[in-house]
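Engineer: pasting the structure only:
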């Protein structure tokens, strides 16, 4: 056989030379020689085998394109040889033409049941042998072409269906965005908010659901970055696990081991293989919190993870593919850090593909009443108490507090107040104490804010006019609540009522 016509061992049977490779199996040397001569003269590559055992070995070494197989052989007949051939996935589709003498008692039903496709009778006639071999090789080649076309068509259909689903999902999100309506409201039920800013964030989360690009979430400590990150996971098509990791305080070695895992013997103490968080998040979402604290070397590794979509476990030379979506968060100013050279610019720009900035609670004070109500219910349930009724002025008091700890700080205040609560109406004292002031001090401090009240022109107002401005400002800030306005002014409610009557 010419070198160019040889098939590599273990190859599939879709590779043909001009004619094809035919395995001829017969225990009679004369028949074997005659068939080999007929086929070789017509350009086929012939591999002879004089027993069923040799036929099986030969077929598994170099997969033939067609097999001529004698039925009546000692030790192992043609039926059994064919049955074993068809169990091999590489030989399952190779056509088998059985050889039998006219006088032999042949069970044709059994021959077809075990996988035969045709018969050639002894004594052999060259034209008949060649006609049957050519016919079945042509049929097989046509079937292989059809199978390839079918596979390609199925692939194209699957890709089209995927594209159509993605388009449909995008259109839903676009429609929801334009109508300011959420497609998955249940995903955001734990983020209690009436703020337009937060509603816009929820819509943006839904809009980027189909994207595989990383998502950066920024905002002050306590604003709910992890809740938003979880929402990104819940609305996305990624059905794998949600894996959160706080990378603050991890040195480079711990960062690599935590994310990428290690193989046994990778370092001292690595007595067994351990999967990293990237692998555990396969097909899902990997959430990395506090990425602003990463060391320069860890930043390089994160950049490679995002750009190359691959990594290697510690101690391994096997490259693993990243199939998880990556969401990161930080409460530091990354722009300032990259300008100062402590955060890589290439990583900075890579992360800003999708950026969500969560506003602090002081910039969405309209959420304070609903958050207060929600947290009071949560605290009461956890402590086995009845939900207390907050005084109406409590929301107003909280709305004038800057909340450096944001929702986390508000939650701590509420839970502390509920733990000490014994009557129907909730006391404001614990809230004022948490703010580091008494109610009267709070009222006095409120009058010092640089707001419209103190925006005077060239001349100072008279005391009488200033008093009217103070009263007006207090009423506006407390939305008409005279009791709370009086506290802000440091006077009694009857005194304020009297002043209002005079104006």
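Structural biologist: Ah, there it is. As the structure is a prediction and not an experimental result, all values here were calculated from the model.

Engineer: which stretches of the stretch 101-250 of the chain form helices?
Structural biologist: Assigned by DSSP state H, counting those that start in this stretch, the helices in the stretch 101-250 of the chain fall at 108-113, 126-179, 196-207, 225-235.

Engineer: can you give me the strands in the protein?
Structural biologist: 21-25, 45-49, 66-70, 96-101, 116-122, 215-218, 242-246, 261-262, 274-275, 285-289, 310-311, 320-321, 325-330, 354-357 (DSSP state E).

Engineer: and the angle for the first one with helix 126-179?
Structural biologist: Looking back up the chat, that one is strand 21-25. 130 degrees (axes from the mean of the first three to the mean of the last three Cα atoms, to 10 degrees).

Engineer: give me the mean pLDDT for strand 21-25.
Structural biologist: For strand 21-25, mean pLDDT rounds to 93.

Engineer: repeat that for the last one.
Structural biologist: Confidence for strand 354-357, expressed as mean pLDDT, is 94.

Engineer: that one packs against which elements?
Structural biologist: Judged by 3 or more Cβ pairs under 8 Å, 6 or more residues apart in numbering; DSSP states H and E, the packing partners of strand 354-357 are helix 196-207, strand 215-218. C-beta coordinates here come from the backbone N, C-alpha and C atoms, glycine included.

Engineer: what number of residues lie near the nearest residue to residue 363 once chain neighbours are set aside?
Structural biologist: Of all residues not flanking residue 363 in the chain, residue 197 sits nearest, at 7.3 Å (Cβ to Cβ, 6 or more residues apart in numbering). Residues near residue 197, counting by other Cβ atoms under 10 Å, number 14.

Engineer: how about the one 4 residues further on?
Structural biologist: Residues near residue 201, counting by other Cβ under 10 Å, number 22.

Engineer: next up, the contacts around it.
Structural biologist: 228, 356, 358 (Cβ atoms under 8 Å, 6 or more residues apart in numbering).

Engineer: for the nearest residue to residue 286 once chain neighbours are set aside, grab the count of nearby residues.
Structural biologist: Sequence neighbours aside, residue 324 is the residue nearest to residue 286 in space, at 4.5 Å (criterion: Cβ to Cβ, 6+ apart). Applying other Cβ under 10 Å, we find 26 residues neighbouring residue 324.

Engineer: residue 324 and residue 317, how far apart?
Structural biologist: Distance from residue 324 to residue 317, counting by Cβ to Cβ, to the nearest Å: 22 Å.

Engineer: again, but for residue 134
Structural biologist: Where residue 317 is concerned, residue 134 sits at a distance of 50 Å (Cβ to Cβ).

Engineer: who's more crowded, those two?
Structural biologist: residue 134 (15 against 7).

Engineer: and the residue nearest to residue 286, what are its phi and psi?
Structural biologist: phi -90, psi 150 (degrees, to the nearest 10).

Engineer: re earlier: which among the contacts of residue 201 gets closest to residue 380?
Structural biologist: Distances from residue 380 to these, taken as Cβ to Cβ, are shortest for residue 228 (26.1 Å).

Engineer: quick one: residues contacting residue 351.
Structural biologist: 214, 216, 291, 306, 328, 334.

Engineer: tell me the mean pLDDT for stretch 231-245?
Structural biologist: 92.

Engineer: sorry, back to before: could the helices of the stretch 101-250 of the chain go into TSV alongside distance to residue 391?
Structural biologist: Converted to TSV, these look like this (distance: least, Cβ to Cβ, whole Å):
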stretch	distance to residue 391
helix 108-113	88
helix 126-179	38
helix 196-207	26
helix 225-235	29
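
Engineer: tell me the most buried of those?
Structural biologist: Across the helices of the stretch 101-250 of the chain, the average number of neighbours (mean count of other Cβ atoms under 10 Å) peaks for helix 225-235, which reaches a mean of 21.

Engineer: spatially nearest residue to residue 475 (excluding sequence neighbours)?
Structural biologist: Using Cβ to Cβ, 6+ apart, the nearest residue to residue 475 is residue 485, at 5.2 Å.

Engineer: sorry, back to before: export the strands of the chain to JSON lines and append columns for distance to residue 477 and mean neighbour count.
Structural biologist: What follows is those, written out as JSON lines (distance: least, Cβ to Cβ, whole Å; neighbours: other Cβ atoms under 10 Å):
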{"stretch": "strand 21-25", "distance to residue 477": "92", "mean neighbour count": "25"}
{"stretch": "strand 45-49", "distance to residue 477": "96", "mean neighbour count": "20"}
{"stretch": "strand 66-70", "distance to residue 477": "93", "mean neighbour count": "27"}
{"stretch": "strand 96-101", "distance to residue 477": "93", "mean neighbour count": "21"}
{"stretch": "strand 116-122", "distance to residue 477": "92", "mean neighbour count": "17"}
{"stretch": "strand 215-218", "distance to residue 477": "30", "mean neighbour count": "23"}
{"stretch": "strand 242-246", "distance to residue 477": "39", "mean neighbour count": "18"}
{"stretch": "strand 261-262", "distance to residue 477": "56", "mean neighbour count": "22"}
{"stretch": "strand 274-275", "distance to residue 477": "56", "mean neighbour count": "15"}
{"stretch": "strand 285-289", "distance to residue 477": "36", "mean neighbour count": "24"}
{"stretch": "strand 310-311", "distance to residue 477": "54", "mean neighbour count": "16"}
{"stretch": "strand 320-321", "distance to residue 477": "57", "mean neighbour count": "14"}
{"stretch": "strand 325-330", "distance to residue 477": "34", "mean neighbour count": "24"}
{"stretch": "strand 354-357", "distance to residue 477": "27", "mean neighbour count": "15"}
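
Engineer: in TSV: those strands, plus distance to residue 490.
Structural biologist: Below are the strands of the chain laid out as TSV (distance: least, Cβ to Cβ, whole Å):
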stretch	distance to residue 490
strand 21-25	103
strand 45-49	106
strand 66-70	104
strand 96-101	103
strand 116-122	103
strand 215-218	40
strand 242-246	45
strand 261-262	63
strand 274-275	63
strand 285-289	44
strand 310-311	63
strand 320-321	66
strand 325-330	42
strand 354-357	38
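
Engineer: and the pLDDT at the spatially closest residue to residue 212 that is not a sequence neighbour?
Structural biologist: In space, residue 212 comes closest to residue 325 once its chain neighbours are excluded; the distance is 6.2 Å by Cβ to Cβ, 6+ apart. pLDDT recorded at residue 325 is 93.

Engineer: gap between residue 325 and residue 475?
Structural biologist: In terms of Cβ to Cβ, residue 325 sits 50 Å off from residue 475.

Engineer: same check on residue 433?
Structural biologist: Distance from residue 433 to residue 475, by Cβ to Cβ: 27 Å.

Engineer: was I right about residue 364 contacting residue 191?
Structural biologist: No: assessed by Cβ atoms under 8 Å, residue 364 is found out of contact with residue 191, at 11.6 Å.

Engineer: overlap in contacts of these two?
Structural biologist: Common neighbours of residue 364 and residue 191 (Cβ under 8 Å, 6+ apart) are residue 198.

Engineer: please report how far the residue nearest in space to the middle of the chain lies from residue 37.
Structural biologist: Centroid-nearest residue in the chain, with Cα atoms, centre = their mean: residue 284, separated by 3.2 Å. Separation of residue 284 from residue 37 (Cβ to Cβ) stands at 64 Å.

Engineer: residue 121 too?
Structural biologist: 18 Å.

Engineer: swap in residue 490?
Structural biologist: Counting by Cβ to Cβ, the gap from residue 490 to residue 37 is 119 Å.
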